[in-house]
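S.K.: model this:
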Amino acid sequence: MNAMTRFDGSPGFRSWLAMAVLGTLLAGCGGGGSDGRDPILGGPGGNVALAPTVIAVTPLDGATAVPINSPMITATFSEPVQSFGSGATFTVTCAAPCVSPNGTITLDSAGRVASYNLADGTGLTPSTQYTATVTGARSVATGLVMASPYVWRFTTGVAPDLTRPRVISTEPVTTIPGPTPGAPTNTAISATFSEDMAPDTLNAASFTVTCAAPCVSPAGTVSYSSGSRTAIFLPDEALDNSTTYTARITQAATDIAGNALAGNQAPLPGASDYVWTFTTAAAPLPPANVTVLSTTPAAVATNVCPDDSINATFNVPSGARMDPASLSNDTFIVTGPGATSIGASSITLDAGTGQIATFVPSQPLDAGAEYTATIVGGASGVMDLSVPANTMLVDYTWSFTVDADGCQVPPPPLGAAAPFGVFGGSAGMTNQGLLTIVNGDIGTTAVSTAVTGFHDAGPGCTYTETPLNIGTVNGLIYTAPPSPTPLCPTEGTAATLAVAQQARADALLLYNELVALPPGLDPGAGNLANLVLAPGTYTAAAGSFMIQGGDLTLDAGGDPNAVWVFQMATSLTVGGPGVAFPQSVLLVNGAQANNVYWQVGSAATINAGGGGTMVGTVISQSGIAVSTPGNVTLVTVDGRLLSLGASVTLVNTIINVPGP
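M.R.: Presented below is the predicted three-dimensional model:
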């Protein structure tokens, strides 16, 4: 049976009286109840109608290195709005000498996602800040107009995005080999992506859930949350007991640059569907209310920095992810002095658990001021992805005070280096083995012949591969001339060299900023194994760090924006020399690979014996080596390997460039 399509919406209206009554009813039955998604409660009868708000945008506010071939900018509303024109506007501008782009404005079928679509063949100007503004959007239900313009800014990079998006997590989880056992019958099915996706490509045709007869494939709605990069198939009713289902997202799903999905049904660099299977349990999970487990900042905290985000970690008895569509400025509310509401530039869920919400203020908080955060409960509040949804019984409120003293400036953005999984400085890079895949770009300021054992999706763009050394790049390769082969005239050019030079310059800028940070502790006398580290700066007292004899765990404490910086004057060594000693860096409680930095003064060696998972952006002065020739056990790097000088060598390595 066909599914309908529903886009990233959240409750646009709220009735406090209705919530109180419904909260009482829910208290009597222990949660669950009606689904509660997308209610329209405004209008007559004492209910208070709220004007529509923008709840998510792409590119994100403040995003950098936005691909210059991104053909669409999107804004998602809290409720359906009327078509643009007649007072509603959506503009995208840039300052001279840049020429503001021309485009058309469209609304999705649900009236919730407005897209500014650049004219065919039009690209964005490199290294330029753009300002997007939405004004005057009018509610379909009430006719109310958004209270004020919504403005956000993003900055382009210097290169296009030709990296295929990936599915990085699913619910129910993907188990290889499948099917995943024990999925609740009352669950939604979701997938989180590595890149911003084009909302209109995730729909009933591209995201399906099926089962074999006599089971009847479920009907449902498909939605996409741009803020959390998550597509959701919400069944109309509970799934059958003890039944195997197949979830499929087809290669028709693309990122905002138009790159088709890199699924799991065919090898890269080609596109393919992503398919996973799961078997339901014998019975549904009973209803149980969601609660707030912890917050960052904590209640009554007094050491909050003006640029900090506000986070809430939920206790979700069902084990499901939270519904990203239920998180908005109407359900995650922050007020400052005079009870003035502070809007969010984004409200997102973490990609790992889907149970940590992050509110990023649209402007810095005032030093010395007290702020109050509220997570709204009841039928119009936050909810999980059970069917029917579990909600919070009552609102959760806490307060904190901002104090700018002692706040550390976060590292600068990676800029043009952000899309690179590997950068070989001025010396190049080498792959050995048949299993290497780089989900991102690679580059060097050296000539194309300094890159060996790689190919990308460009026709004929092969860099000295042999039958035993084939590495796939799910992106582009940037080098100095000449072109790698006569069949690949678009690479190894002056233009690709310019991108590589800018990437190295931005990586060097970040390296110097990391060196300049005030030194921190050396918690393990040079060996980080078996430690659990909170966010902060850590400095090797003797000049080098190693992770040998156990794994390193980085604990964000519920703050997905927490940052770790490891400073070392000389070397980094992860794992021992033998195959029995691979080590890993583990991320827990919301920690994100994109927020981990390793500043290496000389060279880095990662799991020379093969195996293990390394996390974060490694920036080295003198080269990086992953595994050693002959090893077939894969090493995974969730991050980037950036060398400023000497070359980078990979042996059967998977590199996943993290999202922003």
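S.K.: Tell me which helix or strand comes right after the lowest-mean-pLDDT helix or strand in the chain.
M.R.: Of all helical and strand segments in the chain, the minimum by mean pLDDT, DSSP states H and E falls on helix 16-29, at a mean of 33. Next along the chain after helix 16-29, taking DSSP states H and E as the criterion, comes strand 54-58.
S.K.: which other residues reach that following strand?
M.R.: With contact meaning CB atoms under 8 Å, 6 or more residues apart in numbering, strand 54-58 is reached by 8, 10, 72-78, 132, 134, 137, 146, 150, 152, 196, 225-227, 256, 327-329, 346-348. Heads up, the C-betas are built off the backbone N, CA and C, glycines and all.
S.K.: go on, stretch 142-156?
M.R.: By CB under 8 Å, 6+ apart, stretch 142-156 touches 13, 42-43, 49-54, 57, 59-68, 75, 87, 124-139, 345.
S.K.: Let's see the PyMOL selection covering just the buried ones among these.
M.R.: Selection of buried members from the contacts of stretch 142-156 for PyMOL, criterion 16 or more other CB atoms under 10 Å:
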select buried, resi 13+42+49+50+51+52+53+54+57+59+60+61+63+64+65+66+67+68+75+124+126+127+128+130+132+134+135+136+137+138+139+345
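S.K.: Tell me which of the contacts of stretch 142-156 fall in helices.
M.R.: Taking DSSP state H, every one of the contacts of stretch 142-156 sits outside helices.
S.K.: Which ones among the contacts of strand 54-58 map onto helices?
M.R.: Short answer: these have none in helices (DSSP H).
S.K.: mind showing which ranges of the stretch 51-200 of the chain have poor pLDDT?
M.R.: 121 (pLDDT under 70).
S.K.: in it, which spans are strands?
M.R.: 54-58, 72-77, 89-94, 103-107, 113-118, 129-135, 150-155, 167-171, 180-183, 189-193 (DSSP state E, counting those that start in this stretch).
S.K.: As a markdown table, those strands with distance to residue 490 would be great.
M.R.: A markdown table is the format used below for the strands of the stretch 51-200 of the chain (distance: least, CB to CB, whole Å):
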| stretch | distance to residue 490 |
| --- | --- |
| strand 54-58 | 27 |
| strand 72-77 | 24 |
| strand 89-94 | 26 |
| strand 103-107 | 26 |
| strand 113-118 | 22 |
| strand 129-135 | 26 |
| strand 150-155 | 25 |
| strand 167-171 | 28 |
| strand 180-183 | 42 |
| strand 189-193 | 27 |
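S.K.: Could you say which of the ones you listed is packed most deeply?
M.R.: strand 54-58 (a mean of 27; mean count of other CB atoms under 10 Å).
S.K.: Could you chop this structure up by domain?
M.R.: 163-280, 287-401, 415-656 (automatic domain parsing).
S.K.: Do me a favour and average the pLDDT over the second one.
M.R.: Taken as a whole, domain 287-401 carries a mean pLDDT of 92.
S.K.: Can I get the domains of the chain in TSV including distance to residue 99?
M.R.: Listed next are the domains of the chain as TSV, based on distance: least, CB to CB, whole Å:
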stretch	distance to residue 99
domain 163-280	21
domain 287-401	26
domain 415-656	20
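S.K.: I'd like to know which of those domains lies nearest to residue 96.
M.R.: Judged by CB to CB, the one of those that comes nearest to residue 96 is domain 415-656, at 22.1 Å.
S.K.: re the thing from before, between the domains of the chain, which one is nearest to residue 106?
M.R.: domain 163-280 (8.4 Å).
S.K.: ok now that closest one, how far from the chain's centre?
M.R.: In terms of CA atoms, centre = their mean, to the nearest Å, the centre of domain 163-280 is set 17 Å apart from its chain centre.
S.K.: Start and end of it, how far apart?
M.R.: End-to-end span of domain 163-280 (CA to CA, to the nearest Å): 34 Å.
S.K.: same question, stretch 511-522
M.R.: So stretch 511-522: terminal residues 19 Å apart, CA to CA.
S.K.: quick one, longest helix in the chain?
M.R.: Longest helix in the chain by number of residues (criterion: DSSP H): helix 494-516.
S.K.: how about it: buried residues?
M.R.: 496-504, 506-511, 513-514.
S.K.: Please apply the same query to stretch 422-440.
M.R.: 422-433, 435-440.
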